[in-house]
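Novice: Pasting a predicted model and its sequence here:
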Amino acid sequence: MNYLKENIDSLNKKLANGELTADQLAQDTVNNIQETDKKLNAWITVKDEVKPGSDLDFAKSKLAGIPIAIKDNIITNGVKTTAASKILGNYMPVYDATVITKLKQARATFVGKTNMDEFAMGSSTEHSYFGVTHNPWNLAKVPGGSSGGSAVAVASGQVVAALGSDTGGSIRQPAAFNGIFGIKPTYGRVSRWGLIAFASSLDQIGVMSKRVKDSAEVLNVIAGSDDHDSTTSEREVPDFTKFIGQDVKGLRVAVPKEYMSEGVDSGVREVVQQQIDLLKENGAIINEVSLPLTKYVVPTYYIIASSEASSNLQRYDGIRYGYRAKDTKNLLDVYVKSRSEGFGPEVQRRIILGSFALSAGSYDKFFRQAAKVRTLICDEFDKVFAENDVVVGPTTTTPAFDIGSEISDPIKMYNNDILTISANLAGIPAASVPAGLVDGMPVGFQIMAKRFDEGSIFRTADFVERANKFYKQTPSGMED
Amino acid sequence: MNFKSTIGFEVHFELKTKSKIFSPSPVSYGAEANTETNVIDWAMPGVLPYVNKDVYRLGIMVALATHAHVLPTTHFDRKNYYYPDSPKAYQITQFFQPLARDGYVEIEVHGKKKRIGIHEMHIEEDAGKNTHGTNGYSYVDLNRQGVPLLEVVSEPEIADPDEGYAYLEKLRKIVQFTGASDVKMEEGSMRVDTNISIRPAGQKELGTKVEMKNLNSFEHVRKSLAYEQKRQAQVLLSGGRVQLSTRRFDEATGKTVLERVKEGDADYRYFPEPDLAPDHISQKWIDEIAKTLPRTAEARYDDYVNKYGLKPYDADVLLQTKESSDFFDKAVAAGADPQLAANWMNTQVNGYLNDNRVTLADIKLTPEHLAAMIKLIKDGTISSKIAKKVFAETITKGTDPKKFVEAQGMVQLSDSSVLAPMVKEVVDNNPQSVEDFKNGKDRAIGYLVGQIMKQTKGKANPKMVNKLLNEELQSR
């Protein structure tokens, strides 16, 4: 089964009328992944056999029998979960993440786990212990990261939808690079219970799909408060699909001038400007605004994210689970060798950065300062959202870059995320919807909204999708 | 040269919750290793902590009982360190914003009252426990991981070991009477760390402090502090310098022994815990908790001595534990005469507990039983001799005293219409005793009473018999 021309509605119809059985769909999906993944490497684990069963209620659950890809930092009971790290290379969890429990209740099908940057640290999926994932639009290009495997699985038609996680743009940037839709909901909208933590105050599980409405369907299932995660909100979850098909008349759209500056590739800017013009032609009110703190988001993010990561990753010490180095002499040796051998270079870099930022002499200079800037960034967004429904701009400054071209320059790689990071620091929802091609590579149009207003994002993204019908295009790297 | 000591305490109390602070695992003492753990306690990848709100309630009780100010917003922080008994490799504690600040405890040493300030009290989780086998392996038991602790940090306002002892005694009593903790040092539900520095009298800046951790009795605290005062003075007098260090108390020699020298404070890289949202503690909630706060030992003492007229000694014995005081209060509330209840508690009940090595929680006697038995004694239904049999039955089997007395026919014979003819008959049958009585030999009465007791199998009310006999003899 290839999903390039399918969506959840079309599959649900076929399953309901007996044109397809869920078992058959699952097996076809597995077979297709095993075949196509030879050149993509989007998966870490693919199950050999999947049997969703014959007792599915397709009228009750849109997701019944639909294969959903899961990023490999989301805990799945009894299925190897590695976070693409050697240190968890054979880790077999004993419980389910809340999102998995909810998808199981909806009777979605699980065929395996997707590739990613180790512990979600990276923007290219080159930092995986299980090898690089390739962009289906051009196999020599990166798929973006850290949810590169999930993005490629959707873009290449291996699945119809996937879960990813977004700490600084890890859903939106690969969605942009692969020409699909990806949404990071409001912080607290989706439970993080069972998400292997990178940076707790920034991490959020989200959805990626070819069609905007499909993400709304999946988000409907996974959103909501959770007793296991005290940072989730009690706020009511609306039916996100009701925002699909609306017009944009009167929609107040802010365009930060910093997002359309010289630092952004001119081809990308042009594609984005076309979407803004389309919105205007259809009755949206366009306001140019300024987010002057944008220039501080990258350092602020790297201080906070790395600090939290340095602490979150301390539990991987070779004692209780995961990789333990051999030939160790004493306790310190177990810690040092297991971590030196188990973590890749990018993870080690961030642990060191974070440990330094938190250390007694540096805390006030770095962590506390970053926390203050973060508060100011929240205030800056609050002001813009007082008069606007959405903030739009490019998702990334350039289309996907070549594999190997940036991996040796971490600062350059970090600066790639300048347009996506703000949403994580502010905890607001944000998405990327495909808007066109530049030199044969997809460009993402980013839409942000105020906290818990994913509805405005779906409304805007669906408009862009209808205007461009980008989903009709087949990734060029998939054509034999 | 005269030296001044500066002593401070950090006392950890295990809070008496049913489940752990951040996980639903149960809390109990002495369970098989690692049976009371779950994925959160093991810090499995992807797990998140979730605050057991009962921890706040118990902590607030202690804060209220020590006059401390509860902060309106409370938030946890992470203290990072590697150790096999710490599965996350960080401890969730409160560093930037503790639960409460600025309390005090009033102590009395050698007749002088003094207030010892409490700097702050914060909530944190306990770590697991390592044991080191003789086979070269070390073992980790995570049952204790996540047990809630309240750390009470005193101001360094304690001047000598006697004050230190008094502070700990008082603090333990206060916490015990809130019911927030079991305060058992032997089970680790109360743990004491202390530090002491000395400086020449007149010198302003404090001397170098020495820390002593996990002292396991108040007496050891007193002895170790006294030893340290002397040791540090000798070091200074001989021109030496006190080392910033951790020492332990050696019970056998009564001396403190160097454990490790600190070169500087460990860098715990504290930062706010991002997995937990801040919690707001409303004044309304604090007020509600205040209403449920059990009475303090001081208030109870006042009642016992001034309202009930108990001897100070009896009051002190009753106030040894909250359980015995609660038991006594309930018995009095159920109608027991306070002095009789205190007598029974402090002699018969305590005797039974000591002989059988059990606690009030283990016995079948209830405060209502005790009150019922005391009422039977007071209204003359049973004699104190019979009462001892009733007590033995009730405490072992939980039998209701009144029902037992009735079923066993132990009710005292106090009915004069029954007793008067018996008295008359005995006097008739013993003319010699009548003669003796007339001649002023009082022991004649004793003999006659004995006869009646024999006839009634000991059930006759002795007072009544005496009265009736006297009347009968006078009339002859």
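Specialist: Ah, there it is.

Novice: Those residues of the stretch 51-200 of chain A touching chain B, which are they?
Specialist: A:74-75, A:81, A:83, A:88, A:91, A:93-95, A:97, A:192-197, A:199-200 (CB under 8 Å from any CB of the partner chain). The way it works is simple: take the backbone N, C-alpha and C, and place the C-beta from them, glycine included.

Novice: give the contact list for residue B:405.
Specialist: Each residue near residue B:405 by CB atoms under 8 Å, 6 or more residues apart in numbering or on different chains is listed here: B:376, B:381, B:382, B:386, B:390, B:411.

Novice: name the element residue B:194 belongs to?
Specialist: Residue B:194 belongs to strand B:190-200 when assigned by DSSP states H and E.

Novice: Sort out which residues of the next helix or strand after that strand are buried, please.
Specialist: Per DSSP H and E, the first helix or strand lying C-terminal to strand B:190-200 is strand B:210-215. By neighbour count on 16 or more other CB atoms under 10 Å in any protein chain shown, the buried set for strand B:210-215 is B:210, B:211, B:212, B:215.

Novice: my guess is the third one contacts residue B:250, does it?
Specialist: No: at 11.1 Å, residue B:212 does not count as touching residue B:250 under the criterion of CB atoms under 8 Å.

Novice: Which neighbours do the two have in common?
Specialist: What both residue B:212 and residue B:250 touch, as defined by CB under 8 Å, 6+ apart, is the set residue B:256.

Novice: Just confirm residue A:288 is within a strand.
Specialist: Yes: the assignment for residue A:288 (DSSP: H, G, I helix; E, B strand; the rest coil) places it in a strand.

Novice: Beta-bridge partners for it, please?
Specialist: residue A:255 (DSSP bridges).

Novice: how about it, what does it touch?
Specialist: Residue A:288 neighbours (CB under 8 Å, 6+ apart): A:254, A:255, A:256, A:257.

Novice: Just send these back as CSV, with pLDDT and neighbour count too.
Specialist: Putting those into CSV (pLDDT from 0 to 100; neighbours: other CB atoms under 10 Å in any protein chain shown) gives the following:
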residue, pLDDT, neighbour count
A:254, 98, 23
A:255, 98, 20
A:256, 98, 23
A:257, 97, 13
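
Novice: Tell me how many other residues crowd the nearest residue to residue B:158 once chain neighbours are set aside.
Specialist: The shortest distance from residue B:158 to any non-neighbouring residue, by CB to CB, 6 or more residues apart in numbering or on different chains, is to residue B:7 (3.9 Å). If you count neighbours by other CB atoms under 10 Å in any protein chain shown, residue B:7 ends up with 25.

Novice: Helix, strand, or coil at residue B:7?
Specialist: In terms of secondary structure, residue B:7 is strand; the call rests on three-state DSSP.

Novice: pretty sure it contacts residue B:196?
Specialist: Yes: counting by CB under 8 Å, residue B:7 touches residue B:196, with 4.9 Å between them.

Novice: who touches both of these two?
Specialist: Common neighbours of residue B:7 and residue B:196 (CB under 8 Å, 6+ apart) are residue B:225.

Novice: just the helices in chain A please.
Specialist: A:8-16, A:22-40, A:98-105, A:148-155, A:172-178, A:212-222, A:266-281, A:297-312, A:331-342, A:345-358, A:367-387, A:410-415, A:421-426, A:454-468 (DSSP state H).

Novice: what's the most buried one of those?
Specialist: helix A:148-155 (a mean of 36; mean count of other CB atoms under 10 Å in any protein chain shown).

Novice: Just the CA atoms of it, as PDB, please.
Specialist: Only the C-alpha atoms of helix A:148-155 are listed here, as PDB (Å, rounded to 0.1, in the frame of the first residue of the first chain):
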ATOM      1  CA  GLY A 148      13.000  13.200  10.000                       C
ATOM      2  CA  GLY A 149      11.900   9.600   9.900                       C
ATOM      3  CA  SER A 150       8.200  10.400  10.600                       C
ATOM      4  CA  ALA A 151       8.300  13.200   8.000                       C
ATOM      5  CA  VAL A 152       9.700  10.900   5.300                       C
ATOM      6  CA  ALA A 153       7.400   8.100   6.200                       C
ATOM      7  CA  VAL A 154       4.500  10.400   5.400                       C
ATOM      8  CA  ALA A 155       6.000  12.300   2.500                       C
END
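
Novice: Which residues does the closest residue to residue B:261 other than its chain neighbours form beta bridges with?
Specialist: Closest residue in space to residue B:261, ignoring its immediate chain neighbours: residue B:245 at 4.8 Å, by CB to CB, 6+ apart. Under DSSP bridges, the beta-bridge partners of residue B:245 are residue B:210, residue B:261.

Novice: Can you get me a residue count around residue B:245?
Specialist: 16.

Novice: Report the secondary structure element holding residue B:464.
Specialist: Residue B:464 is part of helix B:462-475 when elements are defined by DSSP H and E.

Novice: related to what we said a few turns ago, if you count contacts, what does the strand holding residue B:194 end up packed against?
Specialist: Packing partners of strand B:190-200 (3 or more CB pairs under 8 Å, 6 or more residues apart in numbering or on different chains; DSSP states H and E): strand B:3-14, helix B:161-178, strand B:210-215, helix B:218-237.

Novice: among the contacts of residue B:405, who's most crowded?
Specialist: Within those, neighbour counts (other CB under 10 Å) peak at residue B:382, which reaches 25 neighbours.

Novice: so it sits right up against residue B:374, yeah?
Specialist: No: assessed by CB under 8 Å, residue B:382 is found out of contact with residue B:374, at 10.3 Å.

Novice: Show me which residues of the stretch 201-350 of chain A sit near chain B.
Specialist: Counting by CB under 8 Å from any CB, the stretch 201-350 of chain A sits next to chain B at A:201, A:227-231, A:307-308, A:310-311, A:314-315, A:317, A:319-321, A:331, A:335.

Novice: Contact partners for residue B:324?
Specialist: By CB under 8 Å, 6+ apart, the contact list for residue B:324 reads B:317, B:318, B:345, B:350, B:360.

Novice: check contacts around residue 353.
Specialist: Picked chain A for this. Per CB under 8 Å, 6+ apart, neighbours of residue A:353: A:302, A:303, A:306, A:310.

Novice: nope, chain B please
Specialist: If a contact means CB under 8 Å, 6+ apart, then residue B:353 has B:359, B:360, B:363 as its contacts.

Novice: any idea how far chain A is from it?
Specialist: 42 Å (CB to the nearest CB, to the nearest Å).

Novice: Next one: that residue relative to residue B:184, how far apart?
Specialist: For residue B:353, the distance to residue B:184 (CB to CB, to the nearest Å) stands at 16 Å.

Novice: ok, now residue B:259?
Specialist: Residue B:259 is 25 Å from residue B:184, by CB to CB.

Novice: now residue A:18
Specialist: Taking CB to CB, one finds residue A:18 at 68 Å from residue B:184.

Novice: out of these two, which sits in the more crowded spot?
Specialist: Neighbour count, other CB under 10 Å: between residue A:18 and residue B:184, residue B:184 has more, with 13 against 8.

Novice: Not including adjacent chain positions, what is the nearest residue to that one?
Specialist: residue B:190 (6.5 Å).

Novice: Surely that neighbour is in contact with residue B:15?
Specialist: No: look at residue B:190 against residue B:15 with CB under 8 Å: they stay out of range, at 11.2 Å.
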